[in-house]
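>>> predicted model and sequence follow; I will ask about them next.
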Amino acid sequence: MFGTLVFWEGYVSDEMMGTFAPIVIYWFYSGIYQILPPLDRFRLHTRKEEEQKNLVAISTVIKGVLLQQLVQATVARILFLVTGSSSPTEKLIQPSVPVQVIQIFIAMIVMDTWQYFVHRYMHQNKFLYRHIHSQHHKLVVPYAIGALYNHPLEGLLLDTFGGAISFLISGMTAQTAVFFFCFAVMKTVDDHCGLWLPGNIFHIFFQNNTAYHDVHHQLQGAKYNYSQPFFSIWDRVMGTYMPYRLVNREEGGFEVRQLKS
């Protein structure tokens, strides 16, 4: 399955691709959302809400994301150098497709577990929330490019360490990691895109999706729906799941209506 998609073999090492491909995918995928027409009939918030509620300029958001990606790339290079070869010509034996699928699933569970408990603690600890995690919540109305807009320390603890731990525990190779991290990045961007588009495969296959995460970015839902980026398991197990439904907004688009007081 994955072997046939490895177009970079012989040109760039798997470790180099695992370091930089997720960054390229982030800007490409979020950029697509950014250049789309307004699509007001699919928005979870009006453009007026986005302008009034968000507390940070898009230029600042872009700088913050680039800083986090610089840290991620640095840690990734160190991790890959320690755990594997960085030679583009040295071919490692890849596990079978079923093994790679299992490794990716394990990595998804590990990443979800790490991010749930670290994310939740950043909300519960007043100091950490005020000085670190609140930076991400300056985007009350999320949009795609802001998916990784975090305080640098949060980016390191939540995303970078979460990815490294997922990689190590799952036992995946650098080649498998390219696909896993690119998929994780696309899922995270989609969760923050602010659009409920018909036929979106992330909405079809994952209950933890754009609307699910939008609940968490609102004042009434800030103590709920911590799970990210894949499943809603930990919210349901730990009692922090906020049910919701999508309703049509009179002026167009959708509203995520929370069903828990």
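Done, it's in.

>>> residue contacts, the residue positioned nearest the centre of the chain?
Among the residues of the chain, T188 comes closest to the average C-alpha position under C-alpha atoms, centre = their mean, at 2.3 Å. Counting by C-beta atoms under 8 Å, 6 or more residues apart in numbering, T188 touches 147-148, 228-229. To be clear about C-beta, it is placed using only N, CA and C from the backbone, and glycine gets the same treatment.

>>> tell me the one of the residues you listed nearest H133?
For those, the closest approach to H133 (C-beta to C-beta) belongs to Q228, at 12.7 Å.

>>> that closest one: what secondary structure?
Counting by DSSP: H, G, I helix; E, B strand; the rest coil, the backbone at Q228 sits in coil.

>>> touching, it and D191? I think so.
Yes - between Q228 and D191 a contact is recorded at 6.7 Å, counting by C-beta atoms under 8 Å.

>>> just give me the longest helix of the chain.
helix 97-124 (DSSP state H).

>>> shouldn't F230 be in contact with V110?
No - at 10.5 Å, F230 does not count as touching V110 under the criterion of C-beta under 8 Å.

>>> what about the two, which has more around it?
More crowded of F230 and V110, by other C-beta atoms under 10 Å: F230, with 23 against 18.

>>> the residue nearest to the centre of the chain and R41, how far apart?
25 Å (C-beta to C-beta, to the nearest Å).

>>> hmm, back to that, centre of the chain to the helix or strand harbouring the residue nearest to the centre of the chain, how far?
Using DSSP states H and E, T188 falls within helix 174-191. Mean-position distance between helix 174-191 and its chain equals 8 Å (C-alpha atoms, centre = their mean, to the nearest Å).
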